[in-house]
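1. with the input below, show me the fold.
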Amino acid sequence: MSLFRLGLLATLTATPLLATADIAGLYAGTGVWQSSPTGTLGNTSISLENTLNFDEENSNYFFIALEHPIPLLPNLRLTRTDLEWAGQGVVSAGTSLDEVVFPSDQAVAADLDLSHTEVTFYYEILDNIVDLDLGLTARLFDGEASLIGATQQERVELDAVIPMLYGRAGIDLPFTGLSAALSGNWVDVNDVSLTDWSAEVNYDFKIAPTLEAGLSIGYRSMLIEIDDQDELQSDAEFDGLFIGLRLVL
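-> Numbering: from 1, shown residues only. The predicted structure follows:
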């Protein structure tokens, strides 16, 4: 059964008890994030921009969210972001991404895939001119990092499920269709710190009696810091502008 049908069924079931509550809403959107990598990756602090020559890439994302009037049950948002970079460079002798050590200077082809899926459960604390959402996110990374040289190569799977705190605060300008919002996910546990935040301006407009569209433009930054001597290390930031389109049913 589709997510929309599940949400609709739950709403109809609860209607007799919640006659004065808002009806369920379904949101979907997609966009492009121009993400630029800076900083280092690997046990020997390999520079992403200088050594591997990673440059700005257009990264696609899409999301779907279901908001409902059922008390105590959180709202749900699913997000998918594809993040991939490819570059070429020369690594020096002793370079190590994780466990494999390159014994001599050599040219390499490098790839970094930080694609991830997010499942966010959140509550609307405020829903008026000022909006405030708070919740929890499970971020599922499913990518890899690799250095491929003529005589040596290394691939590291970047598969992990990371729980994060989620928050979003926004403000609407009545009768204009304009709004602004600041949102983010954050975790700092043991040797891993991940901060992912975005700021955006939105313009919403009606395209049908029961269908609303919106345009978004903003800035997003994702900072990943891993300081574990026995695992892959990172002190890298990925940031840039994004533009998106969403539909509201």
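
2. mind checking how far the residue nearest the centre of the chain is from residue 231?
-> Per Cα atoms, centre = their mean, the C-alpha nearest to the average position across the chain is that of residue 81, at 5.8 Å. The spacing between residue 81 and residue 231, counted by Cβ to Cβ, to the nearest Å, is 23 Å. C-beta coordinates here come from the backbone N, C-alpha and C atoms, glycine included.

3. helices of the chain, start to end?
-> 3-14 (DSSP state H).

4. okay but residue 156 is in contact with residue 146, surely?
-> Yes: applying Cβ atoms under 8 Å, one finds residue 156 in contact with residue 146, separated by 7.2 Å.

5. anything in contact with each of the two?
-> Between them, residue 156 and residue 146 have residue 97 as joint contacts when contacts are counted by Cβ atoms under 8 Å, 6 or more residues apart in numbering.

6. how close does the residue nearest to residue 163 when sequence neighbours are not counted get to residue 113?
-> Closest residue to residue 163 in three dimensions, ignoring its sequence neighbours and counting by Cβ to Cβ, 6 or more residues apart in numbering: residue 138, at 5.8 Å. Using Cβ to Cβ, residue 138 is found at 19 Å from residue 113.

7. for these two, indicate the residue with more neighbours.
-> residue 113 (18 against 14; other Cβ atoms under 10 Å).

8. dump the residue contacts of that one.
-> By Cβ under 8 Å, 6+ apart, residue 113 lies in contact with 83, 84, 143, 144, 145, 158.

9. if I look at residue 178, how far off is residue 205?
-> From residue 178 across to residue 205, the span is 10 Å (Cβ to Cβ).

10. who has more neighbours, those two?
-> Neighbours were counted for residue 178 and for residue 205 using other Cβ under 10 Å; residue 178 has more, 13 against 9.
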